[in-house]
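> Sequence and predicted structure are below.
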Amino acid sequence: MKSAKLILALAIVSCVLGPRMAAAFTGSYEETISVGDKPVAHFRVYSKDKKVRTEFLMEGQSEIIVRNDKGTFRYSSEQKAALKLPPVEDQPTLLDHLDDYTGFLAKNNAVKKNTETMNGVQTDLYEFVDPMTQKNARAWVWQEKGFPVRIEIEAPEGLLRVDLEKIQIGGDVADSLFEIPADTRIIDVNEMYKNAAAQAGAQGAPEGTPGTPAEAPAVDAGKAPEGAQAPAPEAPAPAPSQS
């Protein structure tokens, strides 16, 4: 299911690497990513300063992604284990500029087309060309808060829709949300790869041949995650998705 895999990949990027504007936005929201009318990812996002916590809310998912001043962690409370993921550069996402979304729309020459009720609030509907994908896009912006509650963008795989609900802007976001519990077993993926490469070199691997690290210890359902990838929730069966 190629389209679902693509959207899930976009969702993970949105959650794990961002929002990039976290330094300016403090608050929380629930995010659902859909292709057409089919939800493929659902999570809760908390943001404070440069810290971000993403909780996967799809059925059967119990993992959490936490980004704090010590790094980015893929954490399972059930397994009491976490992978410390390699550092990555921030990438553009559809949810950049939440701190000043109306300014973002103005910069990209968005045109107001209508006023509608969307996700339970009164919104202004804008059309514009998304600067990240150069595709036509629409955004429903909460009039009272200047915050998007829905973003749609054209894609070859179908219409990509991001819905934001249960939005809390500002307020007291507890620092404890961005901490990994002290009793958590942490596996550093960078160190794992370095050790594997050193071991391969010690065993006489040809110069320039990268080592093949062992898989990381289990974090979810007793199975080793594939490399350092962030978890991708399974797309739900057709029923009627930040990251």
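On my side now, so go ahead.
> what's the neighbour count on the closest residue to residue 135 other than its chain neighbours?
Spatial nearest neighbour of residue 135, excluding adjacent residues (C-beta to C-beta, 6 or more residues apart in numbering): residue 154 at 4.7 Å. To be clear about C-beta, it is placed using only N, CA and C from the backbone, and glycine gets the same treatment. Residues contacting residue 154 under the criterion other C-beta atoms under 10 Å number 13.
> Would you agree residue 154 is in contact with residue 138?
No. Residue 154 is beyond contact range of residue 138, at 9.3 Å (criterion: C-beta atoms under 8 Å).
> What degree of burial does the residue lying closest to residue 146 once chain neighbours are set aside show, as a neighbour count?
Leaving aside its chain neighbours, residue 146 sits nearest to residue 102 (4.7 Å; criterion: C-beta to C-beta, 6+ apart). Burial of residue 102 is recorded as 17 neighbouring residues (other C-beta under 10 Å).
> got a list of contacts for the strand or helix carrying residue 102?
Using DSSP states H and E, residue 102 sits within helix 101-107. Contacts of helix 101-107 with the rest of the structure, by C-beta atoms under 8 Å, 6 or more residues apart in numbering, involve 96, 97, 126, 128, 139, 141, 146, 147, 148.
> run the last query once more with 10 Å
21, 25, 95-98, 100, 110-112, 124, 126-128, 131, 137, 139, 141-142, 145-148, 151 (C-beta atoms under 10 Å, 6 or more residues apart in numbering).
> So which of the residues you listed belong to helices?
Within the contacts of helix 101-107, no residue falls in helices by DSSP state H.
> I'd like to know which of those residues are buried.
With burial judged by 16 or more other C-beta atoms under 10 Å, the buried subset of those is 21, 25, 95-98, 110, 124, 126-128, 137, 139, 141-142, 146-148, 151.
> Can you pick out the ones from these that are in strands?
Applying DSSP state E to these, the entries found in strands are 124, 126, 127, 128, 137, 139, 141, 142, 147, 148, 151.
> Touching, residue 141 and residue 124? I think so.
Yes. Using C-beta atoms under 10 Å, residue 141 makes contact with residue 124 at a distance of 5.1 Å.
> which residues are common contacts for those two?
Here residue 141 and residue 124 have 102, 105, 110, 112, 118 as joint contacts, going by C-beta under 10 Å, 6+ apart.
> Same list, these, but as CSV with pLDDT and distance to residue 161 please.
Converted to CSV, the shared contacts of residue 141 and residue 124 look like this (pLDDT from 0 to 100; distance: C-beta to C-beta, whole Å):
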residue, pLDDT, distance to residue 161
102, 93, 20
105, 95, 18
110, 96, 17
112, 97, 20
118, 96, 11
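> Touching, residue 184 and residue 78? I think so.
No. Using C-beta under 10 Å, residue 184 makes no contact with residue 78, being 11.5 Å away.
> For burial, what's the neighbour tally of residue 26?
Residue crowding around residue 26 was assessed by other C-beta under 10 Å; the count is 18.
> got the contact list for it?
Residue 26 neighbours (C-beta under 10 Å, 6+ apart): 46, 47, 48, 49, 51, 99, 168, 169, 170, 171, 172, 173.
> which residues does the residue nearest to it when sequence neighbours are not counted bridge with?
Spatial nearest neighbour of residue 26, excluding adjacent residues (C-beta to C-beta, 6+ apart): residue 48 at 4.9 Å. With DSSP bridges as the criterion, residue 48 is bridged to residue 51.
> gap between residue 48 and residue 164?
17 Å (C-beta to C-beta, to the nearest Å).
> Residue 181 too?
Distance from residue 181 to residue 164, by C-beta to C-beta: 28 Å.
> and what of residue 50?
Residue 50 is 20 Å from residue 164, by C-beta to C-beta.
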